[in-house]
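**Q** my questions are about this predicted structure, shown below with the sequence.
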Amino acid sequence: MQATPTSRFAAVDMLRGLAMVWMTLFHFSFDLQHFGYLQADFYRDPFWTVQRLVIVSLFVFCAGLGQAIAVQQGQSRGRFWKRWRQIALCALAVSIGSYAMFPQSYIYFGILHGMALMLILGRLLAVVWSATPGAGWRLWLLGVLALALPRMAEQAHALWPALDFLNERLWNWLGLISHKPITEDYAPLFPWLGVMCFGLATGQWLVCRHAAALERASQALGRGVPGAPLRGLAFLGRWSLSYYMLHQPLLLGGLSLLAWMRPV
């Protein structure tokens, strides 16, 4: 079964929605720490750093899934670029907003910035290899290479000090660094392009070979007792960018109001 050009797979939206809920809880905890209600180290404590790793991985993997499905369904270039412009403008807004709050560590290449770049590369890969039989293994291989590159670069830095320029802001968006930059959010091209490639490969495999099963799973997940919460996740996944841009201002606004009302 091939998906129709206008169909959506609720299961994919639910997975993205799950990432949104998890991200909200993570950001709410970070905001509580920022306002002094919680003592936590979000930069070194594995309890928090591993959560961030998994949340970002879910977002990027879902983006790869979405691109594979969109290409297989014949999404137009105009629709793709319209969505890309929305993401790029939101990335700019995040940079401006984070500079206002954290001028010394503002976000200059966070998850939305990385997503904007990776979507272009992912789209090219999906288009070039969508009609190539057995192209999935190439995407998996490229993904593994992208995951390995930062570690290889770290070792190369130790051998060739001249590579230190890759730590500068002009180049560290690549991720080929020897130490992490000071910024509130950092999602460089490598290794995250690898996760995008895994999503692309999985999406091509699902749509080309198991579209009917994916559709049945999407329908089944929305039925029964847990149906309403799962449909809520699917709705959230469909409006992920809008929710992403609104949730932090609302959380920060609420906590700012609470701090203002709290007796001294």
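**A** Thanks, I have the structure now. Numbering: from 1, shown residues only.
**Q** list the contacts for residue 146?
**A** Residues near residue 146 by C-beta atoms under 8 Å, 6 or more residues apart in numbering: 190-194, 197. Heads up, the C-betas are built off the backbone N, CA and C, glycines and all.
**Q** generate a PyMOL selection restricted to the buried entries among the residues you listed.
**A** In PyMOL syntax, the buried subset of the contacts of residue 146 is picked out as below (16 or more other C-beta atoms under 10 Å):
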select buried, resi 190+191+192+193+194+197
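**Q** so which of the contacts of residue 146 belong to helices?
**A** Among the contacts of residue 146, the ones falling in helices (DSSP state H) are 190-194, 197.
**Q** could you point out the longest helix in this protein?
**A** Counting residues, the longest helix found in the chain (DSSP H) is helix 46-72.
**Q** and the next element down the chain from it?
**A** helix 77-101 (DSSP states H and E).
**Q** and the angle for that next one with helix 46-72?
**A** Put simply, helix 77-101 runs at 160 degrees to helix 46-72, going by axes from the mean of the first three to the mean of the last three C-alpha atoms, to 10 degrees.
**Q** what about the residue nearest to residue 102 when sequence neighbours are not counted, neighbour count?
**A** The shortest distance from residue 102 to any residue other than its chain neighbours is 5.4 Å, reached at residue 184 (C-beta to C-beta, 6 or more residues apart in numbering). Neighbour count for residue 184, taken as other C-beta atoms under 10 Å: 17.
**Q** now the phi/psi pair for residue 184, please.
**A** Residue 184 adopts backbone torsions of phi -70, psi -20, taken as degrees, to the nearest 10.
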